[in-house]
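Participant: Model the following, please.
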Amino acid sequence: MTKLYKLTRADGTTGEDDHILQWGDNVTHAVQPCDKPQLCTNTVIHAHVDPLVAVFMDPVHGCFGPDARLYEGEGDVVVDDGTKVGTFEMTTIRQIALPIITTEQRVECAIRAAKHICYDVAWNDWADTWLSGKDRSASSANSACVLAWAEWAESGDGARAAAEAARAARAAAEGWGCAAAGVAAGAAWAAAGAAWAAAEVAREAASFDLAAILHAVCDEEQKNDKDT
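Facilitator: Coordinates of the predicted model:
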């Protein structure tokens, strides 16, 4: 068995219509095993390998929001796309605290994920400048976004992660004209999209580990906070 994490709505449920499942302490749900399990279908029960991954990817997975519940559990992984996993049976053992990921951390993680599969020199120059803190303006992020979208049109999904990461940075900088809650939501959605796109391209690359990227960013900031 592998330790897994299940993100649910505030009432502990997942699924839609006639596929709603109620989760809680020491609750087990299962589906019929099959030869070709696929994510985003009812052939598997979805989960995450890390609490930070569950929260980071929520805007494009469950969309459960800040009131979600997070359960620690276990199951045998039968399919993995780099951002979520599927299992035929999962047991949620106990509810745990929901990790907090700031908007800035989401953008940084998106950029670092995109750098695994984007080799465009101009985009990487912008990314390095953003990561260094020298230029986090909306105008620079917008230029990087336009550049990456143009590259995506020419070369395919390899540049999509770069475009989404830049869009997350733009959202964080200007909020697309939205209120503070809209800024966070827009950046979170784009950042998760960047990680998803990067995982699609780098699925076979051992060097791409979304959980490791998230912990490198979030754990380091926590360490720095303790040192000050």
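Participant: Where does the most centrally placed residue in the chain fall, secondary structure wise?
Facilitator: The centroid of the chain falls nearest to residue 57 when counting by CA atoms, centre = their mean (2.9 Å). Secondary structure from DSSP states H and E places residue 57 in helix 51-57.
Participant: So which elements touch that helix?
Facilitator: strand 2-8, strand 69-80, helix 180-201, helix 210-227 (3 or more CB pairs under 8 Å, 6 or more residues apart in numbering; DSSP states H and E). (Glycine included, C-beta is placed from N, CA and C.)
Participant: between those, which one is nearest to residue 110?
Facilitator: For these, the distance to residue 110 is smallest for helix 180-201, at 3.8 Å, taking CB to CB.
Participant: List the buried residues of that closest one.
Facilitator: Of the residues in helix 180-201, those buried by neighbour count under the rule 16 or more other CB atoms under 10 Å are 183-201.
Participant: Any idea how far it is from the middle of the chain?
Facilitator: Distance of helix 180-201 from the chain centroid (CA atoms, centre = their mean, to the nearest Å) equals 7 Å.
Participant: which other helices and strands contact that helix?
Facilitator: Helices and strands touching helix 180-201, by 3+ CB pairs under 8 Å, 6+ apart, are helix 51-57, helix 103-114, helix 160-174, helix 210-227.
Participant: And what about residue 83, helix, strand or coil?
Facilitator: coil (DSSP: H, G, I helix; E, B strand; the rest coil).
Participant: Need the contact partners of stretch 34-48.
Facilitator: Under the contact criterion CB atoms under 8 Å, 6 or more residues apart in numbering, stretch 34-48 has outside partners 4-7, 14, 19, 21, 29-31, 54, 57, 61, 73, 75, 78-79, 81, 84-90.
Participant: Sorry, wrong one. I was asking about stretch 125-139.
Facilitator: By CB under 8 Å, 6+ apart, the surrounding residues in contact with stretch 125-139 are 107-108, 111-112, 114-115, 118, 140-141, 143-144, 147, 162, 165-166, 169-170, 172-174.
Participant: ditto for stretch 144-152
Facilitator: Under CB under 8 Å, 6+ apart, the answer for stretch 144-152 is 118, 120, 122-123, 126-127, 158-160, 162-163, 165-167, 169-170.
Participant: Residue 139 versus the closest residue to residue 195 other than its chain neighbours, what's the distance?
Facilitator: Nearest residue to residue 195, sequence neighbours excluded (CB to CB, 6 or more residues apart in numbering): residue 113, at 4.6 Å. Residue 113 is 23 Å from residue 139, where distance means CB to CB, to the nearest Å.
Participant: between those two, which one's more packed in?
Facilitator: residue 113 (31 against 11; other CB atoms under 10 Å).
Participant: you'd agree the more buried one is up against residue 211?
Facilitator: No: with contact defined as CB atoms under 8 Å, residue 113 does not reach residue 211; the gap is 11.1 Å.
Participant: how is the protein carved up into domains?
Facilitator: Following automatic domain parsing, one finds the domains of the chain at 2-96, 103-227.
Participant: After the helix or strand containing residue 126, which helix or strand is next?
Facilitator: If you go by DSSP H and E, residue 126 is part of helix 121-132. Next in sequence after helix 121-132, counting helices and strands by DSSP H and E, comes helix 138-155.
Participant: Cool, thanks, signing off.
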